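> Return a 3D structure for these sequence lines:
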Amino acid sequence: MTIQEMLSHVDHTQLKAFATWDDIVKLCDEEVEYRTASVCVPPTYIKRIHDTYGDKVNICTVVGFPLGYSVTEAKAAEIRQALADGCNEIDMVVNISDVKNGLFDKVEEEIRALKAECGEHILKVIIETCYLTEEEKIAMCKAVTNAGADYIKTSTGFGTGGATKEDVELFKKHIGPGVKIKAAGGVSTLDDLKMFLELGCDRIGTSRAVGLCKGQETSGY
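As a prediction, the model looks like this:
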């Protein structure tokens, strides 16, 4: 697998609370140069990115982030505004409290409602695996599949843990054929990147991939 092939699966991410416009410009310039799958950015920057870069940059943003306990109506409003501003992909956080309370049907209903808001745009569902039991993770695989979302995503990167090989393998056993996997959180080396892609992840969320790959763009790995 070449460096460029790996980068084509990366959501190049900058979600720090103190991210400046200069940080965002650097991120977007790197997407253009290294052809990552997208930039994943705070909602407040979507319109400015779209006005500056147009279709040169594929914009992904986050909804209900990072804690997930916003009400569904608030998440839906976030999605509508993000799409109006020029976003193409949405990474939403499930209501983790509902998951912990065993309200799996309610979580599924929310995902379905938010996918309806997204329409043809990609919806990735962050279940924050570090807080869940295996039973809860399996229930979320079923909820994401039944609700028609495009991806199940391991983590926000703001919790107590990130993506693991074991969680990706669990997802593969329990998601439906139409659902893809995004690993995020703690993907910090080229070996990590390669491992998660070889496990079957279609997207990797990380802020580090471009920096790790600079100077190695044409090499195999």
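
> Now do S8 against K137, distance only.
Distance, S8 to K137, by Cβ to Cβ, to the nearest Å: 27 Å. (Glycine included, C-beta is placed from N, CA and C.)

> and if you look at Q4?
Per Cβ to Cβ, Q4 is found 32 Å from K137.

> When these two are compared, which one has more neighbours?
K137 (19 against 16; other Cβ atoms under 10 Å).

> wait, the more buried one sits on L170?
Yes: with contact defined as Cβ atoms under 8 Å, K137 and L170 form a contacting pair (5.8 Å).

> by contact count, what packs against the lowest-mean-pLDDT helix or strand in the chain?
Ranked by mean pLDDT, DSSP states H and E, the helix or strand of the chain with the weakest confidence is helix 209-213, at a mean of 89. Under the contact definition 3 or more Cβ pairs under 8 Å, 6 or more residues apart in numbering; DSSP states H and E, helix 209-213 sits against helix 3-7, strand 10-13, helix 21-34, helix 190-199.

> Give me the average confidence score over the first one.
The average of the pLDDT scores along helix 3-7 is 93.

> and what of the shortest one?
pLDDT averaged over strand 10-13 equals 98, rounded to a whole number.

> Now that strand: buried residues?
For strand 10-13, the neighbour count (16 or more other Cβ atoms under 10 Å) marks 10-13 as buried.

> can you list these in JSON lines and add distance to Y69?
Shown next, in JSON lines, are these (distance: Cβ to Cβ, whole Å):
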{"residue": "V10", "distance to Y69": "28"}
{"residue": "D11", "distance to Y69": "23"}
{"residue": "H12", "distance to Y69": "27"}
{"residue": "T13", "distance to Y69": "22"}
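
> pLDDT below threshold where in the protein?
Applying pLDDT under 70 to the chain flags residues 215-221.

> Okay, strands next: where are they in it?
Taking DSSP state E, the strands of the chain run over residues 10-13, 38-41, 59-63, 89-93, 122-126, 151-153, 180-184, 203-206.

> So which of these is nearest E108?
Nearest to E108, of all those, is strand 122-126, at 10.2 Å by Cβ to Cβ.

> What strands line up against the closest one, and which way round?
strand 89-93 (parallel), strand 151-153 (parallel) (DSSP bridges).
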